[in-house]
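[1] Return a 3D structure for these sequence lines:
(2 chains)
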Protein chains: 2
Amino acid sequence: MPSAAVVIIGNEILTGKFADENGPFLIQRLRQLGCTLRRLVVVDDRLDDIAEEVARCAALADWVVTTGGVGPTHDDLTFAGVAQAFQLPLVENDEVLALLREYGIPLDAANRRMAALPAGARLVRRPPSVFPVTLVRNVFVLPGVPKLVRSKFELIAPYFEGAPVYVGRVAASCPESAFAEELTSLAARFPEVSIGSYPRSGPAEPAVLLTLESRDPSALAEATAAVEALLGPDRLDPRHRG
Amino acid sequence: MPSAAVVIIGNEILTGKFADENGPFLIQRLRQLGCTLRRLVVVDDRLDDIAEEVARCAALADWVVTTGGVGPTHDDLTFAGVAQAFQLPLVENDEVLALLREYGIPLDAANRRMAALPAGARLVRRPPSVFPVTLVRNVFVLPGVPKLVRSKFELIAPYFEGAPVYVGRVAASCPESAFAEELTSLAARFPEVSIGSYPRSGPAEPAVLLTLESRDPSALAEATAAVEALLGPDRLDPRHRG
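    Numbering: from 1, shown residues only, chains lettered A, B, ... in the order given. As a prediction, the model looks like this:
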C-alpha cells in the first residue's frame, strides 16, 4: 500500500491571504486512490523550512507531493529547497530548456531559473498532457495554482494507487466517556481495523460518530457489528447507521 | 511579535472523513491578532508523530496550539504526545479532578484518563468561561470539535496579540516571467516588506496577484508604489487595485 506526505509551500496560506484548496483536494484524491496520507504540512517560503520538511517527509512516506513555490519570482524556492533536502546541486535541465524553446518562451534569467532543477530530476509525462511533472527522488513537485494542481496530479495518480479502504460508521447517542473503556478493549481485538471516535456538536449530528476503517471488508463488518453490540440499541443513534 | 505553530492531530482529517475547520479558523484568527504563523501540520494519531511535531513546533515558535486527540477514547493521544515531547510524566491533575467532581462527572478510569496531564501543566482560565485550556510549557492543548476550538481559543487569544500587519495588493495583467527579475531586485530593496507573487487562473482574477505585507505602514506604501511603477500602467490590471 503506498503512503504519501504532502508539503504545501505557501506563506500566502499561513497568512490567510488565500484559503488552501490543494490540501483538501489531495486528501480526497489520495483517499480515493487507496493511498495512506501520513502527514500534511503547510510551511513558510523559507529555504530551510522547505528543505527540512521535504527531507522528513521523503524519509517517512513512499511518495511526497509538494505544491507551490515553483516559478520565476524571488518567493519561488521549492526546487532550491528540494535540492537542499537531498544535498543535490541545482542544474539546468535540458528537457525543460527544450520545452521552453519549443513553446517560444524567452530564455531570460527568470525563465532559466525555472529550468534549474535538482540534479537527477526526472520529468514525468503522460499523453495527451504536454507539460510534465518534475520528480526528484520520491518527491513530486507541483505548482501552487489549484487548477494546475488538479490537472497535473492526474498525470501522477497511478503512483498512488493502493487497495481500497472500506469504511463503516456507527452513531452513538451518549457521550464518549460512557463507552470509552469498552471501546479501547474492542479496538485492541481488531488490530487490522482503525477505529475513530469523534464527539460532534452540530444540531443534526449524533453525540459521537464512530468510524471504522479497514482494507479487509470481513474484519470491518465484524468490528462494526461488535461496536454496535457494545453500544446496544439504547445508545445507538438510529439516524446514522451503516 | 509573537509567533505560533499549529498542530492538528487527526487521522480523521488525513483520511478525508472530516474537512479540517480548525486550521482555517486559527489561520484567520492568528492573523487578525497580529501573530506570525510559522507552520501548520496535520499529523496522524500516532504517539511518536505527535511528540516529534510538538517538540519541533515548541522549539520553533513562541506558542504552539494543538487541536484534537483530547478525550477518553483509545485514539486520544495528545496529552501523552505532549508529555513525550518534553519528556514529562503524565500525572493526575488535582484541578481537573476537582472540576470533574464539581460537575458530577463520574471518576471512572476513562474520565480519570482525561485528568492525567503532563507534569507541570497549567490550567488557563478567564471568566466567565468555566472550562479552562491546558497549557504545557508553551503548548496550548485544544479539543478537536470546531465549536469548542472557537470558544476556547478566545480564552487564550491575548497570548497571541502582536502589532497589526498592513497589506497592499497590486494586480498584474501579464505573466510573472515578464517582471520576475525586476521584482527580485525590488524585494531586496525592501527587507521589511514581504512581497508575494501569485499566478491566478480564475475567470474574474488578474493574471498575477502581488501582495505586500509589513508592520511598517510607510515602508508598505513606498514598496507598493514601487511595484506599481515597476509594472507601469500597461501591465497593471485596473480591476484590482489597492
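[2] May I see the buried residues of the helix or strand of chain A with the lowest mean pLDDT?
    Ranking every helix and strand in chain A by mean pLDDT, DSSP states H and E puts helix A:109-114 at the bottom, with a mean of 82. By 16 or more other CB atoms under 10 Å in any protein chain shown, the buried positions in helix A:109-114 come out as A:Ala110, A:Asn111, A:Arg113, A:Met114. Heads up, the C-betas are built off the backbone N, CA and C, glycines and all.
[3] again, but for stretch A:171-182
    A:Ala171, A:Ala172, A:Ser173, A:Pro175, A:Glu176, A:Ser177, A:Ala178, A:Phe179, A:Ala180, A:Glu181.
[4] and the next element down the chain from the least confident helix or strand of chain A?
    strand A:116-118 (DSSP states H and E).
[5] Residues contacting that following strand, please?
    The contact list for strand A:116-118 (CB atoms under 8 Å, 6 or more residues apart in numbering or on different chains) reads A:79, A:82-83, A:86, A:88-93, A:96, A:134, A:136.
[6] Least confident of those residues?
    By pLDDT, A:Val96 ranks lowest within those, coming in at 90.
[7] Is stretch A:2-14 in proximity to chain B?
    Yes: against chain B, stretch A:2-14 shows contacts by CB under 8 Å from any CB of the partner chain at A:Asn11, A:Glu12, A:Ile13, A:Leu14.
[8] quick one: pLDDT of the residue lying closest to the first one once chain neighbours are set aside?
    Among residues not flanking A:Asn11 along the chain, A:Asp45 sits closest, at 4.5 Å (CB to CB, 6 or more residues apart in numbering or on different chains). The per-residue pLDDT reported for A:Asp45 equals 92.
[9] Surely A:Asp45 touches A:Leu77?
    Yes: look at A:Asp45 against A:Leu77 with CB atoms under 8 Å: they come within range, at 5.8 Å.
[10] which ones are touching A:Ala58?
    Per CB under 8 Å, 6+ apart, neighbours of A:Ala58: A:Ala5, A:Val64, A:Ala85, A:Phe86, A:Arg137, A:Asn138, A:Val139.
[11] quick one on the thing from earlier: just the buried residues of stretch A:171-182: which are in helices?
    A:Ala180, A:Glu181 (DSSP state H).
[12] Where does confidence bottom out across the buried residues of stretch A:171-182?
    A:Ser177 (85).
[13] what residues are up against that one?
    B:Pro72, B:Ile105, B:Pro106, B:Asp108, B:Ala110, B:Asn111, B:Met114.
[14] need those in JSON lines with distance to chain A, can you?
    Listed next are the contacts of A:Ser177 as JSON lines, based on distance: CB to the nearest CB, whole Å:
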{"residue": "B:Pro72", "distance to chain A": "4"}
{"residue": "B:Ile105", "distance to chain A": "7"}
{"residue": "B:Pro106", "distance to chain A": "8"}
{"residue": "B:Asp108", "distance to chain A": "7"}
{"residue": "B:Ala110", "distance to chain A": "4"}
{"residue": "B:Asn111", "distance to chain A": "5"}
{"residue": "B:Met114", "distance to chain A": "8"}
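[15] Identify the residues contacting the nearest residue in space to A:Glu161 that is not next to it in sequence.
    Once flanking residues are discounted, A:Glu161 sits nearest to A:Leu33: 5.1 Å by CB to CB, 6+ apart. Contacts of A:Leu33 were listed using CB under 8 Å, 6+ apart, and they are A:Ala157, A:Phe160, A:Glu161, A:Gly162.
[16] Show the model's pLDDT score for A:Leu33.
    96.
[17] separation between it and chain B?
    11 Å (CB to the nearest CB, to the nearest Å).
[18] Ok, A:Ala85 next?
    16 Å.
[19] Can you list the low-confidence ranges for chain A?
    Applying pLDDT under 70 to chain A flags the ranges A:128-130, A:240-242.
[20] now the strands for it?
    Using DSSP state E, the strands of chain A run over A:3-9, A:36-43, A:63-67, A:90-92, A:116-118, A:122-124, A:133-136, A:139-142, A:166-172, A:194-199, A:208-214.
[21] Pairing partners for the closest residue to A:Thr134 other than its chain neighbours in the sheet, please.
    In space, and not counting its chain neighbours, A:Thr134 is closest to A:Val141: 4.5 Å by CB to CB, 6+ apart. Beta bridges link A:Val141 to A:Thr66, A:Thr134, judged by DSSP bridges.
[22] ok now do A:Val141, which residues does it touch?
    Contacts of A:Val141 (CB under 8 Å, 6+ apart): A:Thr66, A:Val70, A:Thr78, A:Phe79, A:Val82, A:Val133, A:Thr134, A:Leu135.
[23] buried set for stretch A:187-195?
    In stretch A:187-195, the ones that count as buried by 16+ other CB under 10 Å are A:Ala187, A:Phe190, A:Val193, A:Ser194, A:Ile195.
[24] And the first one, how far from B:Asp75?
    I take that to be A:Ala187. Counting by CB to CB, to the nearest Å, the separation of A:Ala187 from B:Asp75 is 8 Å.
[25] do the fourth one as well
    Counting by CB to CB, the gap between A:Ser194 and B:Asp75 amounts to 9 Å.
[26] Which neighbours do these two have in common?
    Contact with both A:Ser194 and B:Asp75 is made by residues B:Asn11, according to CB under 8 Å, 6+ apart.
[27] pull the CA atoms of stretch A:150-170 into PDB?
    Taking Å, rounded to 0.1, in the frame of the first residue of the first chain, the C-alpha atoms of stretch A:150-170 are listed here in PDB:
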ATOM      1  CA  ARG A 150      -5.800  19.200 -10.200                       C
ATOM      2  CA  SER A 151      -4.700  18.600 -13.800                       C
ATOM      3  CA  LYS A 152      -1.100  17.700 -13.100                       C
ATOM      4  CA  PHE A 153      -1.900  15.400 -10.200                       C
ATOM      5  CA  GLU A 154      -3.800  13.200 -12.700                       C
ATOM      6  CA  LEU A 155      -0.500  12.600 -14.600                       C
ATOM      7  CA  ILE A 156       1.000  11.000 -11.500                       C
ATOM      8  CA  ALA A 157      -2.200   9.500  -9.900                       C
ATOM      9  CA  PRO A 158      -1.100   5.900 -10.800                       C
ATOM     10  CA  TYR A 159       1.900   6.100  -8.400                       C
ATOM     11  CA  PHE A 160      -0.600   6.400  -5.500                       C
ATOM     12  CA  GLU A 161      -2.900   3.600  -6.300                       C
ATOM     13  CA  GLY A 162      -3.400   1.000  -3.500                       C
ATOM     14  CA  ALA A 163      -6.100  -1.400  -2.300                       C
ATOM     15  CA  PRO A 164      -9.300   0.400  -1.400                       C
ATOM     16  CA  VAL A 165     -10.200   1.200   2.200                       C
ATOM     17  CA  TYR A 166     -13.600   0.200   3.400                       C
ATOM     18  CA  VAL A 167     -15.400   2.400   5.900                       C
ATOM     19  CA  GLY A 168     -18.100   1.700   8.500                       C
ATOM     20  CA  ARG A 169     -19.900   4.300  10.600                       C
ATOM     21  CA  VAL A 170     -21.800   3.900  13.900                       C
END
